[in-house]
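Student: let's see this in three dimensions:
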Amino acid sequence: RFDWYLINEITKNYDGNFNSSCYVHTAMDGKLAMGPVWDFDLTCGNINSLGDERLPQSWHIRKTNYYTRLFQDPAFAITVRERFAWFYGNRENYYQFLRSQARILKPHVMENDAIWHTLGKYVGPNPVTEVEYNTYEDYVEFLIGWLEQRFEWMNENL
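Tutor: Have a look, this model is predicted:
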């Protein structure tokens, strides 16, 4: 029940903030549950907005009415902190996974770019005009660097 919140908060998923593509369902035990976890195009700083959504600092999902209320329950807040510790402890595995997947995807990205010429160009809503991306590797390293900053900020503020 806490993973949906943490995955969306860690990635600062714009749509997970109940803007779009955010669902609740009845779980097998009859309780309400968030999910599924999906729609990650506007995450990890990949949004050109006037708000703080692109920055790795500040709460995003937690400041919604629903989660503001849940965090008033000390038991909820403690359980979230405990579960976050697991994610935080595994963060190097995530960075390694992202790099390995990036190597697998690179030929396909290069083929796509040969046709559409999108690398280094503004394709809304990404913030290419604010962050310099010259290569595919720049995009990958931006993603990992953003996540590193996000994990550290959350670890200090949760």
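
Student: now the helices for this protein?
Tutor: 3-10, 65-70, 74-89, 91-116, 136-157 (DSSP state H).

Student: closest one to residue 29 among those?
Tutor: Minimum separation from residue 29 across the helices of the chain (CB to CB) falls at helix 3-10, 15.3 Å. For every residue, glycine as well, the C-beta is placed using N, CA and C.

Student: what sits up against the closest one?
Tutor: 13, 16-17, 33-35, 37, 59-62, 67, 80, 83-84, 87, 147, 150-151, 154 (CB atoms under 8 Å, 6 or more residues apart in numbering).

Student: pick the most deeply packed of the helices of the chain.
Tutor: helix 3-10 (a mean of 20; mean count of other CB atoms under 10 Å).

Student: what about it, distance to the chain center?
Tutor: The chain centroid and the centroid of helix 3-10 are separated by 8 Å under CA atoms, centre = their mean, to the nearest Å.

Student: can you lay out the helices of the chain as TSV showing mean pLDDT?
Tutor: Formatted as TSV, these follow (pLDDT from 0 to 100):
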stretch	mean pLDDT
helix 3-10	96
helix 65-70	93
helix 74-89	98
helix 91-116	97
helix 136-157	95
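
Student: out of those helices, nearest to residue 44?
Tutor: helix 136-157 (5.0 Å).

Student: tell me what the closest one is packed against?
Tutor: Contacts defined by 3 or more CB pairs under 8 Å, 6 or more residues apart in numbering; DSSP states H and E place helix 136-157 against helix 3-10, helix 74-89, helix 91-116.

Student: only alpha carbons, please: show it as CSV.
Tutor: Extracted C-alpha coordinates of helix 136-157, given in CSV (Å, rounded to 0.1, in the frame of the first residue of the first chain):
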residue,chain,number,x,y,z
TYR,A,136,21.7,10.2,-25.4
GLU,A,137,24.2,9.7,-22.6
ASP,A,138,23.5,13.2,-21.4
TYR,A,139,19.8,12.3,-21.1
VAL,A,140,20.6,9.1,-19.2
GLU,A,141,23.0,10.9,-16.8
PHE,A,142,20.5,13.7,-16.2
LEU,A,143,17.9,11.1,-15.2
ILE,A,144,20.3,9.3,-12.8
GLY,A,145,21.7,12.5,-11.4
TRP,A,146,18.1,13.8,-10.8
LEU,A,147,17.2,10.6,-9.0
GLU,A,148,20.4,10.7,-6.9
GLN,A,149,19.4,14.3,-5.7
ARG,A,150,15.8,13.2,-5.2
PHE,A,151,16.7,10.2,-3.0
GLU,A,152,19.1,12.4,-0.9
TRP,A,153,16.5,15.2,-0.5
MET,A,154,13.8,12.7,0.5
ASN,A,155,16.1,10.9,2.9
GLU,A,156,16.9,14.2,4.7
ASN,A,157,13.2,15.4,4.8
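
Student: right, I'll leave it there.
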